[in-house]
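*Asks:* fold the stuff below for me.
(one chain, ligands or ions: 1)
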Amino acid sequence: MEDIIRGTCVDYTFDGKGIIKYNNEVIFVPDVLINEQVKVRVYKKEKNYYLGEVTKYYTKSENRVEPSCPYFNDCGGCHLLHMNYTEQLRFKEKHVQNCINRIGGIDKVVLPIIGMENPYRYRNKVQVSFSKDYKGNVIGGFYKEKTHQIIDNECCLLENEVAEEVISFFKSLIKKYDIEPFDRSSNQGTIRHLLVRTGYYSKEIMVVIITKSKFLPKQNLLIQELIKKFPNIVSIIHNVNEGRTNMILGNTEKCIYGKTYIEDTLCGLKFKISSKSFYQVNPTQTEKLYNEAIKAANLTKEDNIIDAYSGIGTIGLIASKHVNSVVGVEIVKEAIINAQNNARLNNITNAKYFIDDASKFMINYIKNNKADVVFVDPPRSGLDKKFVESILLSKPERVVYVSCDPSSLARDIKLLKEEYDIISIQPVDMFPNTMHVETIVLLCLKDANK
Ligand code: SAH
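*Replies:* Okay, the predicted model is just below:
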C-alpha cells in the first residue's frame, strides 16, 4: 500500500468513517462521504484494513454539511455532524440491513428508518466531568474521544438547553466557592461529575453532584443558589464515587434536597425516575419506539407478557392495558423500585416486578409458567446464551426484541431463527448525530398454529 492514494468513498463503517477500496484493500477514513473523491494519507495497517486521513477533497458530496458544533473534531459525543440528516438516516438503515444480512444470515429487507423531526437538543440526561487545565482554571465538559482529557465546552447541540444552563451555572458556583474539581492523575480533589436529568413534559429537574470525597463542601450554599436560579429543580442528590473508575456514579448517595426522583410522562403514563435508573434519553423518539414495539406485538387481552430488562417498567406498563398480565425483570434494584411505584402511580394492577439477572429469572420462570409474548430490551452486549436458550425451550408465541446494537441483535436472532420467523425489522433513530441506532424486531414462533 502506498502512503498517499487517491480514491472514492464507497460505503461507511459502523461508526460513520468512509470506506475506500484500493487494490483489493480497504482503508477507513474519517470525514469522507459516499461518492467523494479524496487524496488520502495512509498511516497505519491493522489486521484486515488500513487507516488513513484525507489530505485533499477532489469532489464533495451534496450530503456534506458544515458541522454545526465547534467541538465536533475533538469531542467523542457526535460522529455524524458532517452528514445531512437524510444521509445519517440512510447510513443507519443500511448499517442495520448489513448486520441483519451478514451477521444474522437473514435475507429480509428492513423497514424504512423512523427519523426525528428536529434532530437536536433531545438529550434529557446530561453528564459532564470536571477538572483543572494546566493554568489551574476549572474546566467542565465531555471527554475527548477515547481519552480522559476533558474538553471545556459550554454548549452541546444534543443537550437539553436547561440542562446546559444548569451545568454552566454549577461550573460558576464551584469557581465562586473555590471547590476543588477532581484530578484524575493525582486522584485528588472533590467534584468529579454533574448529572442533570430533565422531564420532557413535567420540566422537573434532578441534579446529581458526584464527588470523590464523602463530604460536599458548601453544600447548603450550593443548594440555595441552584434552587433559587432554577425553581424547577425538585431533586438534588449527592453521590460519592471514591474509586479509580470510569463509572460516573458511585454506590453511596444521599438526597440533599427535595425528592429522590423526578417524574415525567411517556405514552400517556407517569414515570418516576431516580438517579441510577435507566431511562431512554430521547423522549419524543422513545414514544415512537415504544408505540412501534407494542404495535408489532399485536397484543390481546389474553396475553401474558414478560418485559425483560425492564428498567423502570416503561414498555410493560405501557403495554399493560392491552394484556392480561405483565411480569418485569431487571437487575438494578432502584429501577425495580421505580417500576413498582410506577405501576401504583398509574393504577396498574396486572404488573409484577422482580430484581434479578434476566437469564437466571427466565430459566426459573419457564419451569412453571408460560408467556405469550416476551419483550427484550437488553444493553449493547445483547442477550446471553442462556436467555436465548430459555426462549427456544419455552417457545413464547411472539418475541419483540428492542435493541441498541444491530450487531448483537443480528447475532441473537440468528440463534432464534431456527424456531422463529423474522416478521419485521424496524430501525428507529433514537440518537441523531451519533453513530447509534435502535431497532425493533418482531419474531413469531414458526409452528405457533400447529
Ligand atoms: N426497557 C427499559 C430499559 C432498557 S435498558 C427502557 O426502555 O427504559 C437495559 C436495562 O437492562 C437497564 O435498565 C439495565 O439495568 C438492565 N440490565 C442490564 N443487565 C441486565 C441483566 N443481566 N439482567 C436484567 N437486567 C439487566
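
*Asks:* quick one: residue 256 and residue 207, what's the gap?
*Replies:* The spacing between residue 256 and residue 207, counted by CB to CB, to the nearest Å, is 10 Å. For the C-beta atoms, the positions are set from N, CA and C on the backbone; glycine is no exception.

*Asks:* joint contacts of these two?
*Replies:* 236-237 (CB atoms under 8 Å, 6 or more residues apart in numbering).

*Asks:* if I look at residue 62, how far off is the ligand?
*Replies:* 36 Å (CB to the nearest ligand atom, to the nearest Å).

*Asks:* going forward, the N-terminal residue is numbered 597.
*Replies:* New numbering, starting at 597: the last item is residue 658.

*Asks:* look up the closest residue to whichever residue of the stretch 747-896 of the chain sits closest to the ligand, ignoring the ones flanking it.
*Replies:* Nearest to the ligand, among the residues of the stretch 747-896 of the chain, is residue 874, at 3.5 Å (CB to the nearest ligand atom). Closest residue to residue 874 apart from its sequence neighbours, by CB to CB, 6 or more residues apart in numbering: residue 907 at 4.4 Å.

*Asks:* looking at residue 852 and residue 803, which is more packed in?
*Replies:* The neighbour count for residue 852 versus residue 803, taken as other CB atoms under 10 Å, is higher for residue 803 (28 against 16).

*Asks:* by proximity to the ligand, which residue of the stretch 897-1046 of the chain wins?
*Replies:* For the stretch 897-1046 of the chain, CB to the nearest ligand atom, closest residue to the ligand: residue 907, 2.9 Å.

*Asks:* what strand or helix carries that residue?
*Replies:* For residue 907, there is no host helix or strand (DSSP states H and E).

*Asks:* that one reaches residue 932, doesn't it?
*Replies:* No - taking contacts as CB atoms under 8 Å, residue 907 lies outside contact range of residue 932: 9.2 Å.

*Asks:* shared neighbours of these two, anything?
*Replies:* With CB under 8 Å, 6+ apart as the test, residue 907 and residue 932 both reach residue 926.

*Asks:* what parts of the stretch 897-1046 of the chain come near the ligand?
*Replies:* By the rule CB under 6 Å from any ligand atom, the part of the stretch 897-1046 of the chain lying against the ligand is 905-907, 910-911, 925-928, 931, 953-954, 973-975.

*Asks:* in strands only, show me those.
*Replies:* 925-926 (DSSP state E).

*Asks:* buried only: go through the residues of the stretch 897-1046 of the chain next to the ligand for me.
*Replies:* 905-907, 910-911, 925-926, 928, 931, 954, 973-974 (16 or more other CB atoms under 10 Å).

*Asks:* how about the strands in the stretch 897-1046 of the chain?
*Replies:* 900-904, 921-926, 947-951, 969-972, 994-999, 1016-1024, 1034-1041 (DSSP state E, counting those that start in this stretch).

*Asks:* redo those strands as CSV? Include distance to residue 737 and mean pLDDT.
*Replies:* Converted to CSV, the strands of the stretch 897-1046 of the chain look like this (distance: least, CB to CB, whole Å; pLDDT from 0 to 100):
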stretch, distance to residue 737, mean pLDDT
strand 900-904, 36, 98
strand 921-926, 31, 98
strand 947-951, 35, 97
strand 969-972, 35, 98
strand 994-999, 30, 98
strand 1016-1024, 29, 98
strand 1034-1041, 26, 98
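
*Asks:* adding distance to residue 679, write these out as a markdown table.
*Replies:* Shown next, in a markdown table, are those (distance: least, CB to CB, whole Å):
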| stretch | distance to residue 679 |
| --- | --- |
| strand 900-904 | 34 |
| strand 921-926 | 35 |
| strand 947-951 | 41 |
| strand 969-972 | 31 |
| strand 994-999 | 23 |
| strand 1016-1024 | 16 |
| strand 1034-1041 | 18 |
